[in-house]
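**Student:** just the structure for this:
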Amino acid sequence: MGTLGRAELEAMIEEATVDAHGEDEQRTGLFAALEEYLDLPFTTAVLGVEVTVRRVDLTPDGRIVAWCSRGRVRQAIGILDLPLPSPAPEGAEWIEAYRHWAG
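**Tutor:** Predicted coordinates:
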């Protein structure tokens, strides 16, 4: 991650939020881009434990989370706190764009 320049990230943000008014609608636009472009499922490690990221979600309090699972255990982890594998899955640049937007 971190391979895109500021102008590229801002163009992606503009694409995702073109019709958005206010922060909530902008976040929703970025979430929609993540849903569309992030290649799911993928495997990563959280605290040294391998988990599978099966979906992303927008919580009622406005956070974008990744739903991770290992066996029967499921946990939502903030998308900005999610460690990505190397190589990152297709579409992970949208996480980078969201991180840039979130500041």
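
**Student:** packing partners for the biggest strand by length in the chain?
**Tutor:** Of all the segments assigned as strand in the chain under DSSP state E, the longest by residue count is strand 49-58. Other helices and strands packing on strand 49-58, by 3 or more Cβ pairs under 8 Å, 6 or more residues apart in numbering; DSSP states H and E, are helix 22-37, strand 42-46, strand 64-70. Using the backbone N, CA and C atoms, a C-beta is placed for each residue, glycine as well.

**Student:** looking at these, which is buried most?
**Tutor:** Using mean count of other Cβ atoms under 10 Å, the stretch among the helices and strands packed on strand 49-58 with the greatest mean number of neighbours is strand 64-70 (a mean of 19).

**Student:** next, the angle from that strand to strand 49-58.
**Tutor:** If you take axes from the mean of the first three to the mean of the last three Cα atoms, to 10 degrees, strand 64-70 sits at 150 degrees to strand 49-58.

**Student:** model confidence over whichever helix or strand comes after strand 64-70, on average?
**Tutor:** Past strand 64-70, further along toward the C-terminus, the next helix or strand under DSSP states H and E is strand 73-78. For strand 73-78, the per-residue pLDDT values average out at 96.

**Student:** partners of strand 73-78 in the sheet?
**Tutor:** Looking at strand 73-78 with DSSP bridges, its paired strands and their directions are strand 64-70 (antiparallel).

**Student:** next, the angle helix 22-37 makes with the partner strand.
**Tutor:** Going by the same axes, to 10 degrees, strand 64-70 makes 40 degrees with helix 22-37.
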